[in-house]
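A.B. asks: sequence? don't have it. structure:
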Ligand SMILES: [Zn+2]
């Protein structure tokens with residue numbers, strides 16, 4: 001079986017969770033995305049697939065954390081410079097705004113990160129996911145510094 005995008009032989013399909021849509025993403029060994037139907041057909045034809053992740057809060061937070069690293073470049077090194085608890089405070093600010101009756105479109109004064117990192121147009125659930133990922137990043141920063149719970 002071959003990729004419909006580039007013609008490469010399909011050897012395996014990696015299944016991940018998209019933290020923005022809370023849906024599964026099927027990606028081929030040639031890095032092309034497959035529809036769920038095409039991925040199912042490839043699996044039936046014997047193409048190896050990794051485990052199918054459950055779509056849970058923890059999985060969405062982990063996927064968002066990975067997205068922040070890969071797409072936005074917020075790596076362990078850049079997070080290590082945020083030593084005043086900025087990541088945890090940013091999560092707090094998102095949760096605080098989540099309780100507002102109207103969407104908080106601009107970063108509040110207490111927002112400790114770059115103003116353009118405020119997720120102004122995101123849904124309540126999306127803000128919870130982003131806040132969870134910021135907490136995970138803060139935990140990672142403490143672990144990287146050698147701390148233990
Ligand atoms: Zn391909």
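C.D. replies: Yep, that arrived. Bear in mind that the values here come from a model prediction, so they are computed numbers and not experimental data.

A.B. asks: list the buried ones in the longest helix anywhere in the chain?
C.D. replies: Among the elements of the chain assigned as helix by DSSP state H, the one spanning the most residues is helix 124-144. Neighbour-count burial for helix 124-144 flags 126-138, 140-141 (criterion: 16 or more other CB atoms under 10 Å). (Each C-beta comes from the backbone N, C-alpha and C, glycine too.)

A.B. asks: How about stretch 110-125?
C.D. replies: 111, 112, 113, 118, 122.

A.B. asks: Okay, the fourth one and residue 134: tell me how far apart.
C.D. replies: Read that as residue 118. Residue 118 sits at a distance of 12 Å from residue 134 (criterion: CB to CB, to the nearest Å).

A.B. asks: what touches both of the two?
C.D. replies: Counting by CB atoms under 8 Å, 6 or more residues apart in numbering, residue 118 and residue 134 have no common neighbour.

A.B. asks: ok, back up a step: take the buried residues of stretch 110-125 and lay them out in a markdown table including pLDDT and distance to residue 75.
C.D. replies: Below are these laid out as a markdown table (pLDDT from 0 to 100; distance: CB to CB, whole Å):
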| residue | pLDDT | distance to residue 75 |
| --- | --- | --- |
| 111 | 94 | 21 |
| 112 | 95 | 18 |
| 113 | 94 | 15 |
| 118 | 92 | 20 |
| 122 | 76 | 22 |
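
A.B. asks: Can you tell me which of those residues is nearest residue 13?
C.D. replies: Using CB to CB, residue 122 comes nearest to residue 13 of the buried residues of stretch 110-125, at 29.1 Å.

A.B. asks: any chance you could read off phi and psi for the closest one?
C.D. replies: With angles defined as degrees, to the nearest 10, residue 122 sits at phi -90, psi 150.
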